[in-house]
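Engineer: Turn this into a model:
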Amino acid sequence: MRAVVAETSGPPEVLRIAEVPTPRPGAGEVLIRVAASGVNRADLLQRQGRYPPPRGASEILGLEVSGEIASVSDGVQDWAVGEKCVALLAGGGYAEYVAVPAGQVVRPPQGIDLVTASGLIEVAATVVSNLTLVGLRAGETLLVHGGTGGIGTFAIQYGAALGARVFATAGRPRKLALCRELGATDAFDYHDDWLAALRRATDGHGADVILDVIGAKYLPSNLDALALDGRLVVIGLQGGRTGTLDLGKLLAKRASVTATGLRGRPADQKAAICAEVARTVWPLIESGRIKPATETRYPAEDAAEAHRHLASGDALGKLILTW
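Structural biologist: The predicted structure follows:
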C-alpha cells in the first residue's frame, strides 16, 4: 500500500509517499480502506520528533480516518466488509489501509460525505471527553482558546449546544468573525488583553471552564480568568510545557487544573469515548446544530504542503488528506 512516511524527523519536506506493507488486523480489529485522513497538530509534532507514538502503535502519522471496512478479524461482530466508517487512531492514518480496534470505529453521521467525516472523530472525541470530565453545564461560561482550529470550531458549537455561554480567542479579524458565526457570544484577539476583555464581557465573573490548547504561556492568565469553582483543562502545549502556577490563587478560587491526552489512552477508554461521540454528537451534526468545520483538502501526495499550511497560522478549521 501507499503511505506518507518520514524517514527522519524534520521539516515538512521529510514527508514523502512510499510503498509499505499493508497492516494485518489482529483479534478484535478491522482493516479500513482509507478514503481520507484528518491532519492534526499532533502530526506536526510527531514529524518534528517531539511526539512519538505510544508503544505498539504505527510509526506512520495520522490519528483519524474515514473509509470502508476492508476486512474483519475474529471477535468482531458489528462490522461487515464494505461498510462506511470513521476511526480514532493512535497512529497509521496517513496510509491507504489501517488496522484499528473495532471499538474505535463508528459509522459516520448521516448526510455527511465520507471525506468530510474524516475530520470529525478526533476533535469530537477530544472535546467531548474533556468537557464531560470537567462537567460543563448549561448556563456556565466556557472560554475556548484557538477558536478557529479544528478543536476550537467544534468546541464553540458543542459548548453552545450544551447551553453554555461561549467565548473564544483567535488572532485575526476574519477569525474572530468566524468564532462569532459559530456561536461564540464574543471573541477576543489574543494579541490584545483578552483577559480584560473576558472580564468586561462577563461582568467580572470570568470563565467557569477553559479549554486550553496553549499550555504554559497562558497558565497564569488562565488562572486569573477562572471564576470561583472554575475548571481549567489543558489539552495542548503550543505555548510550552513548563509554567508557574500560583497555588494561593487556585485555593482562593476553589479551582482545578486538569491536563489530559487522548492518544495514549487504553483501547477500552477510547471505545467508550467513541461510543459517546456517536450517541451525543452525531445527532447534533445530523440536525445541523453542529456544522463540520471549514476544511481544506489535499491529495495525500501533498501532505508536506498541508503541514506547512497548518503550521502557518492561516488555516481555518480542518485540513484533510484524500486518497
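
Engineer: contact partners of stretch 131-142?
Structural biologist: 155, 158-159, 162-167, 202, 205-211, 227, 231, 233, 256, 258, 260, 276 (C-beta atoms under 8 Å, 6 or more residues apart in numbering). To be clear about C-beta, it is placed using only N, CA and C from the backbone, and glycine gets the same treatment.

Engineer: That one: end-to-end distance?
Structural biologist: 10 Å (C-alpha to C-alpha, to the nearest Å).

Engineer: before we move on, back to that, what's the ChimeraX line that selects buried ones from the contacts of stretch 131-142?
Structural biologist: Of the contacts of stretch 131-142, the buried ones go into a single ChimeraX selection, burial set by 16 or more other C-beta atoms under 10 Å:
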select :155,158,159,162,164,165,166,167,202,206,207,208,209,210,211,227,231,233
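
Engineer: So which of the contacts of stretch 131-142 are in helices?
Structural biologist: Ala155, Tyr158, Gly159, Glu276 (DSSP state H).

Engineer: what's the neighbour count on the spatially closest residue to Arg289 that is not a sequence neighbour?
Structural biologist: Spatial nearest neighbour of Arg289, chain neighbours left out: Ala161 (5.3 Å); criterion: C-beta to C-beta, 6 or more residues apart in numbering. Here the count is done by other C-beta atoms under 10 Å, and Ala161 has 17 residues near it.

Engineer: mind listing the helices for the stretch 151-300 of the chain?
Structural biologist: In the stretch 151-300 of the chain, the helices defined using DSSP state H, counting those that start in this stretch lie at 173-182, 194-201, 219-225, 247-253, 267-276, 282-286.

Engineer: So which of the ones you listed is nearest Arg47?
Structural biologist: helix 267-276 (22.7 Å; C-beta to C-beta).

Engineer: Just name the most buried of the helices of the stretch 151-300 of the chain.
Structural biologist: Ranked by mean neighbour count under mean count of other C-beta atoms under 10 Å, those are led by helix 219-225, which reaches a mean of 20.

Engineer: Tell me the spacing between Ala187 and His205.
Structural biologist: 17 Å (C-beta to C-beta, to the nearest Å).

Engineer: for Leu321, what are its contacts?
Structural biologist: Here Leu321 is in contact with 4, 36-39, 94, 297-300, 302-303, 306 (C-beta under 8 Å, 6+ apart).

Engineer: Columns pLDDT and neighbour count on top of these, output as CSV?
Structural biologist: Converted to CSV, the contacts of Leu321 look like this (pLDDT from 0 to 100; neighbours: other C-beta atoms under 10 Å):
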residue, pLDDT, neighbour count
Val4, 98, 27
Ala36, 98, 26
Ser37, 98, 36
Gly38, 98, 28
Val39, 98, 31
Tyr94, 98, 29
Arg297, 98, 16
Tyr298, 98, 19
Pro299, 98, 12
Ala300, 98, 21
Asp302, 98, 17
Ala303, 98, 27
Ala306, 98, 26
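
Engineer: I'd like to know how many residues surround the residue lying closest to Arg47 once chain neighbours are set aside.
Structural biologist: Nearest residue to Arg47 in three dimensions, chain neighbours excluded: Ala6, at 5.5 Å (C-beta to C-beta, 6+ apart). Applying other C-beta under 10 Å, we find 22 residues neighbouring Ala6.

Engineer: which strands and helices sit next to the longest strand seen in the chain?
Structural biologist: Counting residues, the longest strand in the chain under DSSP state E turns out to be strand 29-39. Under the contact definition 3 or more C-beta pairs under 8 Å, 6 or more residues apart in numbering; DSSP states H and E, strand 29-39 sits against strand 64-72, strand 84-88, strand 97-101, helix 114-117, helix 303-312, strand 318-322.

Engineer: a markdown table for these, including distance to Gln48?
Structural biologist: Formatted as a markdown table, the helices and strands packed on strand 29-39 follow (distance: least, C-beta to C-beta, whole Å):
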| stretch | distance to Gln48 |
| --- | --- |
| strand 64-72 | 20 |
| strand 84-88 | 22 |
| strand 97-101 | 22 |
| helix 114-117 | 27 |
| helix 303-312 | 10 |
| strand 318-322 | 17 |
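
Engineer: Looking at the ones you listed, spot the one closest to Arg289.
Structural biologist: helix 114-117 (16.4 Å).

Engineer: Tell me the buried residues in the following helix or strand past the closest one?
Structural biologist: Going down the chain from helix 114-117, the next helix or strand is helix 121-133, by DSSP states H and E. Going by neighbour count (16+ other C-beta under 10 Å), the buried part of helix 121-133 is Ile121, Glu122, Val123, Ala124, Ala125, Thr126, Val127, Val128, Ser129, Asn130, Leu131.

Engineer: got it, and stretch 68-81?
Structural biologist: Ile69, Ala70, Ser71, Val72, Ser73, Val76, Trp79.
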